[in-house]
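Peer 1: Let's see this in three dimensions:
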Amino acid sequence: MDSRELIKALDLIEKEKGIDKEVIFEAIEASLVFACKKNYGTSDNIHVDINRETGEIKVFARKEVVEDEYDGFLEIALEDAKLINPAYEIGDFIDFEITPKNFGRISAQTAKQVVVQKIREAEREKIYNEFIQKEREIDTAIVQRTERKNVIVALGKYEAVLPLNEQIPGETYNFDDRIKVYIMEVRQTTKGPQITVSRTHYELVKRLFELEMPEVKDGTVEIKSIAREAGSRSKMAVYSQNESVDPVGACVGKNGARVNAVVNELKGEKIDIVPWNEDPKKFIASALNPAEVISVDIINEEEHSARVVVPDNQLSLAIGKEGQNVRLAAKLTGWKVDIKSQTQAKLLEEEEALAVPDDEELPDNTDTAEETVDEAVEEAAAETAEEASESVD
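Peer 2: The predicted structure is shown next:
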């Protein structure tokens, strides 16, 4: 690559890749300085200049004007400096060209390496800038391969990682499968941008409903909270300030079309959609759907704990398999939920009614009790004496 070809190449790169030509010039100069030090053992006072118009490359050694020269490569005596230009004074610096004879080959090779590196860096920066804006959004990914239990997927022209702990339990990923993924993190590394996606994140459910529901996208229906156990069940609380809009019905869709589309994308994961309510009692009751709730009592407002009473035949339904229903309801509402059947609740009420509070004082009958004990002792003693007298007679 000669000087003219270098200029043409940089003009083309600036136009097509959007890389500032001056940035590449400076990078080439810095690399050539390093090459000079490596190949010729020159000192820190050298610098390389590239003519921005012609592309001509020259190497210079900068010498300081001193009274008496000590190091010929770093210094020049004032007397010799004045022969070059009478205006030079002690402390000035003079550049002397020291371009090596075979420097053209070195500079061409270095320039090529720098250009390739800058193009690679620009591509990485482009990827990073594109996907950092998509963080916390969803995209369609195409499964490529599996590496150490991680699934590598393609997001357009770029690759992302679906880690094992972000995969839905039991879900299989085959080559060329199309799946919706949540872009969880975009991180810049020394090897370029690293994009991490998820299939288990609770916000994936929210984004899928946004795709299916214009009402969620425009804010008519608000998704207040989501609790999810990926691959098994999710609960979602929805609300609408528009009284003419049924938020639950809007999410379910006609004949369940909208919710079914999300369920299908999540490979059959069940989704309970409940109405959000600012009254915690009503919200907790809704969150335990599909179980019927008789009553909700707030036990501790500060600790967010509540007791829920359900019919005897609804207890197992309210708790759910392995406690899943009540666990998800607690996550959804942010309240600790203690579920009791109607029979259990009655027994508990009776126990509480019979229990004497620790701070309740017993009646003070001490004097009366002492008198009763004394009388009993005297009577017993009299009876014993009488029996003894009769025995003697």
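Peer 1: Hmm, residue 27 is touching residue 113, no?
Peer 2: No - counting by C-beta atoms under 8 Å, residue 27 sits too far from residue 113 to count as a contact (9.9 Å). Backbone N, C-alpha and C define where each C-beta goes, glycine included.
Peer 1: neighbour-wise, which of those two wins?
Peer 2: Here residue 27 and residue 113 are compared on neighbour count by other C-beta atoms under 10 Å; more neighbours surround residue 27, at 18 against 14.
Peer 1: residues touching the more buried one, list them.
Peer 2: Contacts for residue 27 were tallied using C-beta atoms under 8 Å, 6 or more residues apart in numbering; they are 114, 117, 118.
Peer 1: where does the last one land in three-state SS?
Peer 2: If I follow you right, that is residue 118. Each residue gets one of three states, and residue 118 gets helix by DSSP: H, G, I helix; E, B strand; the rest coil.
Peer 1: That one and residue 19 touch, don't they?
Peer 2: Yes - distance between residue 118 and residue 19: 5.8 Å, which falls inside the contact criterion (C-beta under 8 Å).
Peer 1: who touches both of these two?
Peer 2: Shared contacts of residue 118 and residue 19, defined by C-beta under 8 Å, 6+ apart, are found at residue 13.
Peer 1: Show me which residues of stretch 292-303 are buried.
Peer 2: Within stretch 292-303, the residues that qualify as buried by neighbour count (16 or more other C-beta atoms under 10 Å) are 293, 296.
Peer 1: Can you get me the start-to-end distance on that stretch?
Peer 2: Its first and final residues considered, stretch 292-303 spans 25 Å by C-alpha to C-alpha, to the nearest Å.
Peer 1: Distance from it to the middle of the chain?
Peer 2: With C-alpha atoms, centre = their mean, to the nearest Å as the basis, stretch 292-303 stands 32 Å off its chain's centre.
Peer 1: what residues does it touch?
Peer 2: If you take C-beta under 8 Å, 6+ apart as the criterion, stretch 292-303 is touched by 280-282, 284-285, 305-311, 314, 318, 336, 338, 342.
Peer 1: now do stretch 86-96
Peer 2: Residues lying outside stretch 86-96 but in contact with it, judged by C-beta under 8 Å, 6+ apart, are 47, 60-67, 76, 78, 81-82, 84.
Peer 1: Going by distance to residue 146, which of those residues wins?
Peer 2: When the contacts of stretch 86-96 are ranked by distance to residue 146 (C-beta to C-beta), residue 47 comes first, at 50.9 Å.
Peer 1: Quickly find the element holding the spatially closest residue to the closest one that is not a sequence neighbour.
Peer 2: The spatial neighbour of residue 47 that comes closest, neighbours along the chain excluded (C-beta to C-beta, 6 or more residues apart in numbering), is residue 60 at 5.6 Å. Using DSSP states H and E, the element containing residue 60 is strand 57-66.
Peer 1: same question for that strand, mean pLDDT?
Peer 2: Per-residue pLDDT values over strand 57-66 give a mean of 90.
Peer 1: do stretch 283-290 as well
Peer 2: Averaging pLDDT along stretch 283-290 yields 96.
Peer 1: buried set for that stretch?
Peer 2: Under the neighbour-count criterion of 16+ other C-beta under 10 Å, stretch 283-290 has 283, 284, 285, 286, 287, 288, 289 buried.
Peer 1: quick one: average confidence on the host helix or strand of residue 297?
Peer 2: Using DSSP H and E, residue 297 maps to strand 295-300. Here the mean pLDDT over strand 295-300 is 94, rounded to a whole number.
Peer 1: Going forward, the N-terminal residue is numbered 44.
Peer 2: Will do, 44 is the new start, and the previous item becomes strand 338-343.
Peer 1: Quick one: list the elements packing against the helix or strand following that strand.
Peer 2: Using DSSP H and E, the helix or strand that directly follows strand 338-343 along the chain is strand 348-353. With contacts defined as 3 or more C-beta pairs under 8 Å, 6 or more residues apart in numbering; DSSP states H and E, strand 348-353 has these neighbours: helix 323-330, strand 338-343, helix 358-362, strand 379-384, helix 385-397.
Peer 1: okay, these in JSON lines with distance to residue 178 next?
Peer 2: Conversion of those to JSON lines gives the following (distance: least, C-beta to C-beta, whole Å):
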{"stretch": "helix 323-330", "distance to residue 178": "30"}
{"stretch": "strand 338-343", "distance to residue 178": "38"}
{"stretch": "helix 358-362", "distance to residue 178": "37"}
{"stretch": "strand 379-384", "distance to residue 178": "33"}
{"stretch": "helix 385-397", "distance to residue 178": "47"}
